[in-house]
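Peer 1: 3D, please:
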Amino acid sequence: MHVQTGDKSSQMDSSRYHGLSREQLIRMYRTMYLSRRMDDREIQLKRQNKIFFQISGAGHEAVLVAAGEALRPGYDWFFAYYRDRALCLSLGVTPLDMLLQAVGAKDDPASGGRQMPSHWGSTRLHILENSSAAGMQWLHGVGSAEASQYFAAFPEALAQAQAAPLGGFVEYHADEIVYVSGGEGMTSEGEFYEALNTACMQRVPVLFLVEDNRFAISVPVEVQTPGGNISKLLANFPFLHLAECDGTDPLASYAAMREAADYCRARKGPALVHAHVTRPYSHSLSDDDKLYKTREEREEEARRDPIPRFALFLVREGLLDEKELERLESQVDQEIIDATDRALAAEPPAKESVTQWVYSPDVDPASHEFTAEAKFTGEPKTMVEMIPATLADEMERDARIVVFGEDVADCSRETNLADVKGKGGVFKATVGLQRRFGGARVFDSPLAEANIVGRAMGMALRGMKPVVEIQFFDYIWPAMMQIRDELAVARWRSSGIFKAPVVIRAAIGGYLTGGGIYHSQCGEVVFAHCPGLRVVMPSSALDVCGLLRTAIRSDDPVLFLEHKHLYRQPYNRSAYPGPDFTIPFGQARVVREGTDISVITYGALVHRAELAAAELDREGLSLEILDLRTLSPYDWEAIARSVTKTNRVLVAYEDMRSWGYGAEIAARIGDELFEELDAPVRRVAAKDTFCAYQPTLEDEILPQTHDLVAAARDLAAF
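Peer 2: Model (predicted):
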């Protein structure tokens with residue numbers, strides 16, 4: 001079929017196409033076709049064993065190019081999920097960029113060969129890197145939009161973020177918005193509703209795009225969503241602009257996306273576009289949709305395919321003729337061939353690069369730069385009193401810092417502050433901070449731990465420095481996916497392009513005489529096992545101050561564990577050491593010099609070890625006590641010096657004995673210091689059970705001073 005169009009530009013009435021010009025419409029089709037052909041090329045390469053994974057954006061192209069026209073690359077901010085190929089091409093990611101990721105090349109600009117294909121990232125285009133974990137990005141988008149609001153109110157924070165390492169891409173524009181997308185299956189994750197809750201309460205400028213292809217791998221939408229329609233469930237969310245569209249129609253999609261973007265730019269609140277798309281290919285090449293889709297379902301998807309439908313539209317409207325269409329498609333095919341040749345010839349990453357970017361190369365919190373002299377002032381403070389004092393000084397110094405979590409504010413209803421004493425956390429660890437710095441910098445979160453950490457990550461990716469609180473370590477587990485799969489790995493998976501230096505404070509531990517199962521557990525070993533995450537557990541007020549300040553000034557995510565039993569003990573108090581006092585990570589403290597047995601410990605067992613040492617002194621047995629203070633990194637050199645000195649070692653930790661943190665220390669001593677030992681390495685730890693509420697049971701379960709004394713006597717007698 002041939003259609004004579006004449007002078008197409010002069011004849012076209014763009015008002016018929018929601019204001020889109022002929023050039024825009026043709027560009028949209030070109031990008032859609034390019035996206036589909038990129039999928040086809042990657043599928044071919046995977047079958048030839050030239051790449052290692054493939055996941056397609058087929059069927060989603062129309063709404064994504066519409067999003068690309070409605071939004072601004074390098075201006076707005078994007079959390080694009082793995083089907084967003086067409087959007088990323090619209091924004092300026094090239095076919096070569098994508099194919100370099102597919103082959104895992106050293107020069108893959110998104111991840112340096114560390115992530116699967118279709119895991120996008122670009123500082124230039126403001127595409128913030130993403131993971132394979134479904135639905136985690138919803139909260140990152142909200143946190144990023146909160147950063148937009150924050151920088152508007154605190155321009156000094158923006159300047160500090162730009163001056164920090166990797167701050168070159170940190171920007172702010174008064175009408176910028178944040179785009180975050182996912183499939184309809186991802187709306188089943190709790191993070192989706194947690195993100196919507198905060199977005200609507202805070203009225204943040206975030207645009208959610210739900211790309212509904214009716215299948216989450218093989219699970220159909222009616223099994224994911226009550227009634228099979230997510231937007232109908234969201235109709236009563238306040239301040240949420242909601243639109244539903246045919247995501248296979250570029251024009252209808254553009255109208256919906258533009259209206260949603262305008263709503264966000266006007267700072268009216270968040271918007272959500274629910275786009276009905278198709279998935280003509282399997283979920284990935286690891287999947288076969290013929291196993292769960294009927295022939296009729298696949299044929300219906302083929303009839304709704306946006307590529308041939310939009311091509312036919314352009315021809316029928318006289319915007320392109322068939323020869324022009326063929327020429328355009330031929331140019332795209334040649335572009336992909338050229339990019340493929342270059343990608344297949346690209347150099348792979350060096351094997352030696354695997355440990356690069358686990359931690360910051362710019363700020364080493366274990367370096368001597370964090371060694372500082374204390375300048376004491378005032379009366380002695382307990383551990384829990386030292387926390388708000390330290391936070392206050394750091395917040396004065398760094399406008400990027402925000403503090404939030406459950407109950408951390410003095411009073412969420414700020415108009416009531418004059419009439420109430422104020423809470424400041426269940427342990428009073430943040431008391432007075434909201435009064436001093438205001439509700440924009442110190443605020444309460446919903447009771448949702450993933451919400452806290454996920455939002456904090458979105459803020460940190462934009463250059464902020466969130467210090468968040470998980471009220472009890474026992475309840476940290478809803479945030480585990482955000483911590484392990486997102487926060488800890490952000491720098492490594494982006495090959496050093498992005499970072500998320502969030503500080504997470506959490507109250508941990510037992511010896512509470514009544515804490516029970518859900519307020520007394522440890523489990524620090526789980527997090528010490530996460531590369532990219534620093535883990536700190538001080539035992540004194542002085543160490544809390546120095547190590548918390550180091551955590552905030554470092555450039556990595558830090559889990560800062562505060563032992564509840566130690567919060568108000570009189571024996572570990574200290575005068576305030578000054579606003580610049582820091583302690584390097586990975587530097588143990590020799591609590592007590594000794595000659596006969598080394599006790600390697602941390603947390604609440606430090607004092608119990610001191611009591612045991614005092615008792616054994618009367619028997620002529622000298623214990624050396626080493627407080628690790630930081631668990632990742634830990635001070636192996638100090639351990640080795642002490643063990644070499646005493647030739648006997650006792651590792652004491654509060655967590656369960658089996659598979660606990662001390663087991664790794666004991667194993668390494670046996671592996672590397674065996675010749676220095678005069679006796680086997682002994683461990684004292686909690687029993688392999690849960691912590692009971694009844695005090696006599698708790699005493700039986702947790703390691704006590706008499707357990708340390710008995711173990712030390714056995715070692716001495718060996």
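Peer 1: from here on, contacts and neighbour counts on C-alpha atoms
Peer 2: Noted.
Peer 1: the residue nearest to Ala350 when sequence neighbours are not counted: neighbour count?
Peer 2: In this structure, Ala350 finds its nearest non-sequential neighbour in Lys106, 7.5 Å apart by Cα to Cα, 6 or more residues apart in numbering. Counted by other Cα atoms under 10 Å, the residues lying close to Lys106 total 19.
Peer 1: contacting residues around Lys106?
Peer 2: By Cα atoms under 8 Å, 6 or more residues apart in numbering, the residues touching Lys106 are Gly112, Gly113, Ala346, Glu347, Pro348, Pro349, Ala350.
Peer 1: cool, and Ile55?
Peer 2: Asp39, Tyr82, Arg83, Pro117, Ser118, His283, Ser284, Leu285.
Peer 1: equivalent analysis for Val681, please.
Peer 2: Per Cα under 8 Å, 6+ apart, neighbours of Val681: Arg648, Val649, Leu650, Val651, Ala666, Ile669, Gly670.
Peer 1: restricted to helices, list those residues.
Peer 2: Among those, DSSP state H puts Ala666, Ile669, Gly670 in helices.
Peer 1: what's the burial count for Gln24?
Peer 2: Gln24 is flanked by 12 other residues according to other Cα under 10 Å.
Peer 1: same for the strand or helix carrying it, what does it pack against?
Peer 2: Per DSSP states H and E, Gln24 falls inside helix 22-47. On a contact count with 3 or more Cα pairs under 8 Å, 6 or more residues apart in numbering; DSSP states H and E, helix 22-47 meets helix 61-70, helix 85-91, helix 95-103, helix 306-316, helix 322-344.
Peer 1: what packs against the longest one?
Peer 2: The reference is to helix 322-344. Using 3+ Cα pairs under 8 Å, 6+ apart: helix 322-344 touches helix 22-47, helix 95-103.
Peer 1: among those helices, which comes closest to Ala302?
Peer 2: Ranking these by proximity to Ala302 (Cα to Cα) places helix 22-47 first, at 13.6 Å.
Peer 1: go through that closest one and flag the buried ones.
Peer 2: 22, 25-43, 45-46 (16 or more other Cα atoms under 10 Å).
Peer 1: got the angle between it and helix 306-316?
Peer 2: Counting by axes from the mean of the first three to the mean of the last three Cα atoms, to 10 degrees, helix 22-47 lies at 150 degrees to helix 306-316.
Peer 1: tell me the mean pLDDT over helix 22-47?
Peer 2: Mean pLDDT, helix 22-47: 97.
Peer 1: next: stretch 390-405.
Peer 2: Here the average pLDDT along stretch 390-405 is 98.
Peer 1: for it, measure first residue to last.
Peer 2: End-to-end distance for stretch 390-405: 17 Å, by Cα to Cα, to the nearest Å.
Peer 1: just to revisit the earlier point, type out the ChimeraX command that picks the buried ones from the contacts of Lys106.
Peer 2: In ChimeraX, this line selects whichever of the contacts of Lys106 come out buried by 16+ other Cα under 10 Å:
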select :112,113,346,348,349
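Peer 1: with respect to Arg265, which of the contacts of Lys106 is nearest?
Peer 2: For these, the minimum distance to Arg265 (Cα to Cα) is 33.9 Å, reached by Gly112.
Peer 1: quick one on the thing from earlier: in a markdown table: the helices and strands packed on helix 322-344, plus distance to Val503.
Peer 2: What follows is those, written out as a markdown table (distance: least, Cα to Cα, whole Å):
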| stretch | distance to Val503 |
| --- | --- |
| helix 22-47 | 39 |
| helix 95-103 | 31 |
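Peer 1: count of neighbours near Gln137?
Peer 2: By other Cα under 10 Å, the residues close to Gln137 number 31.
Peer 1: what does the pLDDT read for the residue nearest to it when sequence neighbours are not counted?
Peer 2: What sits nearest to Gln137 in space, not counting adjacent residues and going by Cα to Cα, 6+ apart, is Phe79, at 6.6 Å. If you check Phe79, the pLDDT there is 98.
Peer 1: contacts only, for Phe79.
Peer 2: Neighbouring residues of Phe79 by Cα under 8 Å, 6+ apart: Ile127, Leu128, Glu129, Asn130, Gln137, His140, Gly141, Val178, Tyr179, Val180, Ser181.
Peer 1: relative to Ala163, which of these is nearest.
Peer 2: Checking these against Ala163 by Cα to Cα gives Leu128 as the nearest, at 19.2 Å.
Peer 1: so the closest one touches Trp120, yeah?
Peer 2: Yes. At 7.4 Å, Leu128 counts as touching Trp120 under the criterion of Cα atoms under 8 Å.
Peer 1: what is in contact with the two at once?
Peer 2: Ala80.
Peer 1: so which of the helices and strands packed on helix 322-344 gets nearest Ser445?
Peer 2: helix 95-103 (37.4 Å).
Peer 1: check which element follows the closest one along the chain.
Peer 2: helix 137-153.
Peer 1: for that next one, buried residues please.
Peer 2: Neighbour counts over helix 137-153 (16+ other Cα under 10 Å) mark 137-152 as buried.
Peer 1: again with stretch 385-400
Peer 2: Quick answer for stretch 385-400 (16+ other Cα under 10 Å): 385-392, 394-395, 398-400.
Peer 1: again, but for stretch 325-332
Peer 2: Leu325, Leu328, Glu329, Val332.
Peer 1: for this protein, which element, helix or strand, carries the lowest mean pLDDT?
Peer 2: One helix or strand of the chain scores below all others by mean pLDDT, DSSP states H and E: helix 8-11, with a mean of 48.
Peer 1: tell me the contacts of Glu562?
Peer 2: Counted by Cα under 8 Å, 6+ apart, Glu562 has contacts Arg505, Ala506, Ala507, Ile508, Met537, Pro538.
Peer 1: give me phi/psi at the fifth one?
Peer 2: Read it as Met537. phi -150, psi 90 (degrees, to the nearest 10).
Peer 1: so what's it up against?
Peer 2: Phe560, Leu561, Glu562, His563, Tyr602, Gly603, Arg629, Thr630, Leu631.
Peer 1: next, the last one: secondary structure please.
Peer 2: At Leu631, secondary structure determined by DSSP: H, G, I helix; E, B strand; the rest coil is strand.
Peer 1: so who does it touch?
Peer 2: Counting by Cα under 8 Å, 6+ apart, Leu631 touches Ala528, Arg534, Val535, Val536, Met537, Gly586.
Peer 1: okay, and which of these map to strands?
Peer 2: Using DSSP state E, the subset of those located in strands is Arg534, Val535, Val536.
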